[in-house]
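>>> I'd like to go over a predicted model; first the sequence, then the structure.
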Amino acid sequence: MSEAEIPDYYEFLEISPQATQETIHRVYRYLATRYHPDNTDTGDLDKFAMLSAIYKALSDPAQRTEYDAQRAMHEITVRDPLSNTIDFLDQVEGDQNRRLAVLAILYYRRRMFPHEPEVSLSELERRMGFPRDYLDFTTWYLTKKKFITRADNSDFTLTVEGVDFVESQRPTVPLLDRLLTRGSHTDDQDERSHPPNRPPAPHWPSDEDQAAAV
């Protein structure tokens, strides 16, 4: 399922997201009769296929849990992109914040959906609320550091090195911890401020550090 376009299964079925399995089954049977291609009055092959896929997902507890998590994250990110509360524009700190945000998004994705850990460039742009043209330096840097990889279709994935960096830096970098705690989002209005005692910046390992670790 593409994160950029998450269909609302519950809206299609016209039921509440809290609907019981019994309700889902009952509505499915009703709509299946309506949309079945053999129904000469209301049959609709496309809607019947969609209905079958939705029922398969929502009738399986594990798949429904995964879908609900994706749906909730989609709603949050559309409503509240990270740029609303995090400074991505400062010449130095903004660069660091962009790197942390990208890593947090990819880390959250890999932890929540280990079999589909990829995040597209358009999804990063949407979640961060930041133009992709300004993400080129960020993704180039993280790729060169081997914290992320980029597929031919432009999807990004967090590497083992990226996981290690996120987990080692989380205890000492408040912004990173906040991003991860809130599912790669924050509504802390103080994030744009620059307090007198600024928290320590993350330690971005040099090439020498990485070579020594091998």
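Cool, the structure landed.

>>> how is the chain carved up into domains?
As given by automatic domain parsing, the domain ranges for the chain are 9-67, 87-191+207-211.

>>> now the first one, how far from the centre of its chain.
The chain centroid and the centroid of domain 9-67 are separated by 25 Å, computed with C-alpha atoms, centre = their mean, to the nearest Å.

>>> That one: end-to-end distance?
Counting by C-alpha to C-alpha, to the nearest Å, you get 9 Å between the two ends of domain 9-67.

>>> tell me the mean pLDDT over it?
Across domain 9-67, the average pLDDT comes to 92.

>>> again, but for stretch 97-109
92.

>>> Buried residues of it, list them for me.
Going by neighbour count (16 or more other C-beta atoms under 10 Å), the buried part of stretch 97-109 is 97-109. To be clear about C-beta, it is placed using only N, CA and C from the backbone, and glycine gets the same treatment.

>>> hang on, the earlier thing: how about the domains of the chain, which one is nearest residue 73?
Nearest to residue 73, of all the domains of the chain, is domain 87-191+207-211, at 6.2 Å by C-beta to C-beta.

>>> farthest-separated two in the buried residues of stretch 97-109?
Between all members of the buried residues of stretch 97-109, the farthest pair (by C-beta to C-beta) comes out as 97 and 109, at 18.6 Å.
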